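S.K.: Sequence plus the predicted model coming up.
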Amino acid sequence: MLLELDNITTGYGKAQVLKDICLHICEGEIVALLGANGAGKSTTLRCIAGVIQPWEGNIKFRGVDTGGVAPYILVSKGISYCPEGRDVFANLTVLENLKIGAYLVDDEKQSEFRLEWVYDLFPRLKERQRQSAASLSGGEQQMLAIGRSLMANPKLLMLDEPSLGVAPILIEAIYSKIQEINASGTSILLVEQNANLALEVADRAYVLEKGEVCLEGTGFELRDNEHVKASYLGIA
């Protein structure tokens, strides 16, 4: 088992967001988290990444409890988090942004190898490597954010709304690359408002409502679920 969340309850200040969340990810899987705005999807990713801590419950990554572990240590252990909104460093170049993603990689040859792999994955980034991140389109910035997350050679890549603010013509390309990343051996935990898109690529998925898991199953099973159809796929 790559990742296990066991009865995770957490939130911000005194406001509880998640209640008794249980989920798991196996090696090589793409797992999607679905739900309406405010359901707790992003909070789940932040908790796994160590940005916030569980109030109750346990998180294990590769069998080791990660409670209280700092986010940068989790990156070194193999967890990369690509947040909603991309958060690229707008005043830095594409290349500088990517190199920041490898700040924990001591082996220069490994860092160069990862950089070339990212450029092979997203050729536009190589074409624009000397440009500022601010000059990129929304879709190109999303490619940059994903590329930066890959520079640390993660075992688990967490993507929060990768299609948000991206032109439709680039969404398909980004999702094709997500599948390519997964095929290379990286497991993926995907938060996505576009349920149709997420369920097309996900091996399994969980549906969150009001901070709790209300449904789980394979992508195929959830695409065929009447509640998912009505609430998330727009099928009456």
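M.R.: Right, received. Where do you want to start?

S.K.: what ranges do the helices span in this protein?
M.R.: Along the chain, counting by DSSP state H, helices occupy 41-48, 71-77, 94-101, 108-121, 123-127, 138-150, 168-183, 195-201, 219-223, 226-231.

S.K.: Pipe those helices into CSV and attach mean pLDDT and distance to Val213 per row.
M.R.: Every residue, glycine included, has its C-beta placed from N, CA and C. Below are the helices of the chain laid out as CSV (pLDDT from 0 to 100; distance: least, C-beta to C-beta, whole Å):
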stretch, mean pLDDT, distance to Val213
helix 41-48, 97, 10
helix 71-77, 95, 22
helix 94-101, 96, 31
helix 108-121, 92, 32
helix 123-127, 95, 36
helix 138-150, 94, 25
helix 168-183, 91, 22
helix 195-201, 92, 15
helix 219-223, 92, 12
helix 226-231, 88, 13
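
S.K.: Using TSV, please lay out these together with distance to Lys14 and mean neighbour count.
M.R.: Compiled in TSV, those are given as follows (distance: least, C-beta to C-beta, whole Å; neighbours: other C-beta atoms under 10 Å):
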stretch	distance to Lys14	mean neighbour count
helix 41-48	15	23
helix 71-77	23	16
helix 94-101	34	20
helix 108-121	41	15
helix 123-127	42	16
helix 138-150	32	23
helix 168-183	36	15
helix 195-201	31	19
helix 219-223	33	18
helix 226-231	29	14
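
S.K.: Now tabulate those helices in a markdown table and tack on distance to Gly63.
M.R.: Formatted as a markdown table, these follow (distance: least, C-beta to C-beta, whole Å):
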| stretch | distance to Gly63 |
| --- | --- |
| helix 41-48 | 15 |
| helix 71-77 | 11 |
| helix 94-101 | 26 |
| helix 108-121 | 25 |
| helix 123-127 | 35 |
| helix 138-150 | 23 |
| helix 168-183 | 22 |
| helix 195-201 | 27 |
| helix 219-223 | 26 |
| helix 226-231 | 32 |
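
S.K.: For Leu3, which of those is the nearest?
M.R.: Closest approach to Leu3 among the helices of the chain (C-beta to C-beta): helix 41-48, 7.0 Å.

S.K.: roughly how far is that closest one from the heart of the chain?
M.R.: A distance of 10 Å separates the centroid of the chain from that of helix 41-48, by C-alpha atoms, centre = their mean, to the nearest Å.

S.K.: Quick one: list the elements packing against that helix.
M.R.: strand 3-12, strand 15-25, strand 30-34, strand 56-61, strand 79-82, strand 156-160, strand 187-191 (3 or more C-beta pairs under 8 Å, 6 or more residues apart in numbering; DSSP states H and E).

S.K.: relative to strand 15-25, how tilted is the last one?
M.R.: When you say that, I think you mean strand 187-191. Taking axes from the mean of the first three to the mean of the last three C-alpha atoms, to 10 degrees, one finds strand 187-191 and strand 15-25 inclined to each other by 150 degrees.

S.K.: and of the helices and strands packed on helix 41-48, who's closest to Leu45?
M.R.: Per C-beta to C-beta, nearest to Leu45 of these: strand 156-160, 4.9 Å.

S.K.: contact partners of the closest one?
M.R.: With contacts defined as C-beta atoms under 8 Å, 6 or more residues apart in numbering, strand 156-160 is touched by 2-3, 25, 41-42, 45, 48-49, 61, 78-84, 146, 149-150, 178, 181, 186-192.

S.K.: if you set the cut-off to 7 Å instead, what comes out?
M.R.: 2-3, 25, 42, 45, 48-49, 78-84, 146, 149-150, 181, 186-191 (C-beta atoms under 7 Å, 6 or more residues apart in numbering).
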